[in-house]
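S.K.: Provided below for reference: sequence and predicted model.
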Amino acid sequence: MYKKVRSMEIFLDTAEIESIEKYSYFIDGVTTNPSLMALNKEKEPYKVIRRICEIVQGPVSAEVLSDQHDEMLNEGLALSKIGSNVCVKLPCTLDGLKVCKELSNQGIATNVTLCFSAAQALMAAQCGATYVSPFIGRLEDIGQDGIVLIEEIADIFAMQKIETKILAASIRNINHFTQALQVGADAVTLPTKVLEQCFVHPLTTSGLIKFKEDWRNRAKN
């Protein structure tokens, strides 16, 4: 198995400003998509992206809404001007990959999303994508193993010395999070509920209770 040295990145997968502010100490960036943006009460999406860029210093993935080349290109250029840390998110389609190539040639960071095969990941890398986002949970929904896909892409990228980073997405639980990193993902993007689970364990809770009980009993003796 071929591996390369990696530096882990943890992103928060949300457009909720309160959650981003709350967990900004623990995350390297933020990923958004049209579905997440629709949950935000702010009706102007560019304002949301601008605010997120002010909170976090790392990459902020902002996705285009169009699915045609010219419209996607114009949207991508407009998004890139919101903040220096915007990473334009594009679908893994023929037109999306063309736009990825054009933006990458201009030095604009890109994240190719909705990736479900190693071949798609390779095409994204060929077009200069900064990140490619394989979807773990959605693959499992149709009976395929998303973790195996991450490992397959990681092995090929390492063997071919490809610099595009693997950003594991559609993370549904803690196991997805840790396993994706185990098999070679460079980054993971976690929904708020999964990130929150990273801070808790029943043995931590019970251990704290025991410490307090022991200290109280000491005072009585």
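M.R.: In hand now; what should we look at? Numbering: from 1, shown residues only.
S.K.: For residue 149, give me its contacts.
M.R.: With contact set as Cβ atoms under 8 Å, 6 or more residues apart in numbering, residue 149 has these partners: 116, 117, 118, 134, 136, 139. For every residue, glycine as well, the C-beta is placed using N, CA and C.
S.K.: Which one of those is nearest to residue 203?
M.R.: Of all the contacts of residue 149, residue 203 sits closest to residue 136, with 26.8 Å by Cβ to Cβ.
S.K.: quick one: the closest one and residue 36, what's the gap?
M.R.: Look at residue 136 and residue 36: by Cβ to Cβ, to the nearest Å, they are 17 Å apart.
S.K.: Please identify which of the two sits among more neighbours.
M.R.: Using other Cβ atoms under 10 Å, the more surrounded residue of residue 136 and residue 36 is residue 136, with 28 against 17.
S.K.: how close does that one get to residue 39?
M.R.: 21 Å.
S.K.: hmm, back to that, what's the closest of the contacts of residue 149 to residue 160?
M.R.: The closest of the contacts of residue 149 to residue 160 turns out to be residue 118 (Cβ to Cβ; 11.3 Å).
S.K.: for this structure, what spans make up the strands?
M.R.: With DSSP state E, the ranges of strands along the chain come out as 9-13, 29-31, 60-63, 86-91, 110-115, 131-134, 165-168, 187-190.
S.K.: wait, isn't residue 102 in contact with residue 73?
M.R.: Yes. Using Cβ atoms under 8 Å, residue 102 makes contact with residue 73 at a distance of 6.1 Å.
S.K.: partners of the residue nearest the centre of the chain in the sheet?
M.R.: In the chain, the C-alpha nearest the mean C-alpha coordinate belongs to residue 189, at 3.1 Å (Cα atoms, centre = their mean). With DSSP bridges as the criterion, residue 189 is bridged to residue 11.
S.K.: list the contacts for it?
M.R.: Residue 189 touches 10, 11, 12, 13, 31, 61, 133, 167, 168, 169, 171, counting by Cβ under 8 Å, 6+ apart.
S.K.: now, among those residues, which is nearest to residue 54?
M.R.: Distances from residue 54 to the contacts of residue 189, taken by Cβ to Cβ, are shortest for residue 12, at 14.9 Å.
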